[in-house]
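J.: have a look at this fold, sequence not included:
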């Protein structure tokens, strides 16, 4: 849980701005009738859907046909940079810790030796993390776009395979009976009944480096409780919220919709991020996507 508290907001704001260039788009072409969940009711409507590959699903998955999907793992720049970084770390680790000075080649002692050993341990940890969160295999980012009479709409969808490494062992508890029993406690915190979550968000927003010259704020509004999603292939849980980020009076309204799906062998988590205005277009499509996993 600490991982999500520390990094979810940062990942949302930073990665959502990554350009999806140098790849082909997946345009959907097939047609079926699929149950779609809307607020307060479950309805069935005819939605034409297509197929693409995503985390947590073997083979093709059905997605709305009017959505063009691009994957960060299919781009050119980001995977190439990650590959270069991983190669450099692997080569440096293979050489072992640096025990001699760059200047005079003398053996390092005392604090200098300790710092060098810490650097080597940090490199080893970074290499493990690159494998734990390997792009395209254990983590990915998807750009969703659709066109309608109002213009082009865009959403960013983050996916993460919940392995013991990425969840500090908590993924082993991801069983329907256990999660169902914990929903009241989880929702008590999620819906901010004690104000703790709001304070955590505010603390994260009031970054020391920013607060010196700018007033920042972050607020969650209109949160829906975590509930088990009906008509899903695997047990799935979903919640949503409006997220208002502000700097010096400039307010950025987002809509977040999250889901945890108990796929095999490892669960997956997805978070959809879009503007507050575009949520009406993407929310039902995201529900359908999660139901098909």
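T.: Received it, and whenever you're ready, just let me know what you need. In this text the structure is predicted, and so the values were computed from the model without any measurement. Numbering: from 1, shown residues only.
J.: show me where pLDDT drops low in the chain?
T.: 1-51, 60, 62-64, 193-194, 197, 202, 205-214 (pLDDT under 70).
J.: redo that, cut-off 80
T.: Applying pLDDT under 80 to the chain picks out residues 1-53, 57-65, 102, 192-218, 247-249.
J.: could you pull out the helices for it?
T.: Along the chain, counting by DSSP state H, helices occupy 2-15, 77-94, 110-132, 176-190, 196-205, 208-211, 279-292.
J.: closest to residue 146 out of those?
T.: Closest of the helices of the chain to residue 146 is helix 279-292, at 6.5 Å (criterion: CB to CB). For the C-beta atoms, the positions are set from N, CA and C on the backbone; glycine is no exception.
J.: that older thread, can I get the helices of the chain in a markdown table with mean neighbour count?
T.: Below are the helices of the chain laid out as a markdown table (neighbours: other CB atoms under 10 Å):
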| stretch | mean neighbour count |
| --- | --- |
| helix 2-15 | 14 |
| helix 77-94 | 13 |
| helix 110-132 | 13 |
| helix 176-190 | 13 |
| helix 196-205 | 14 |
| helix 208-211 | 9 |
| helix 279-292 | 21 |
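J.: and these as a markdown table, adding distance to residue 54?
T.: Compiled in a markdown table, the helices of the chain are given as follows (distance: least, CB to CB, whole Å):
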| stretch | distance to residue 54 |
| --- | --- |
| helix 2-15 | 16 |
| helix 77-94 | 17 |
| helix 110-132 | 19 |
| helix 176-190 | 22 |
| helix 196-205 | 28 |
| helix 208-211 | 34 |
| helix 279-292 | 8 |
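J.: nearest to residue 221, of those helices?
T.: Once these are compared by CB to CB, helix 196-205 is nearest, at 10.4 Å.
J.: the closest one packs against which elements?
T.: Under the contact definition 3 or more CB pairs under 8 Å, 6 or more residues apart in numbering; DSSP states H and E, helix 196-205 sits against helix 2-15, helix 176-190, strand 216-228.
J.: any idea how the chain splits into domains?
T.: The chain breaks down by automatic domain parsing into domains covering 2-73+138-292, 78-132.
J.: out of the helices of the chain, nearest to residue 154?
T.: helix 279-292 (8.9 Å).
J.: hang on, the earlier thing: mind checking which of the helices of the chain is nearest residue 170?
T.: helix 2-15 (9.3 Å).
J.: report the contact partners of the nearest residue to residue 159 once chain neighbours are set aside.
T.: Counting by CB to CB, 6 or more residues apart in numbering, residue 55 is the residue found nearest to residue 159 once chain neighbours are left out, at 4.3 Å. Residue 55 makes contacts with 138, 139, 140, 159, 160, 161, 268, as judged by CB atoms under 8 Å, 6 or more residues apart in numbering.
J.: what subset of those is buried?
T.: Listed as buried from the contacts of residue 55 are 138, 139, 140, 159, 160, 161, 268; burial here means 16 or more other CB atoms under 10 Å.
J.: correct me if wrong: the fourth one contacts residue 139.
T.: Yes - the pair residue 159 and residue 139 passes the contact test of CB atoms under 8 Å, sitting 6.6 Å apart.
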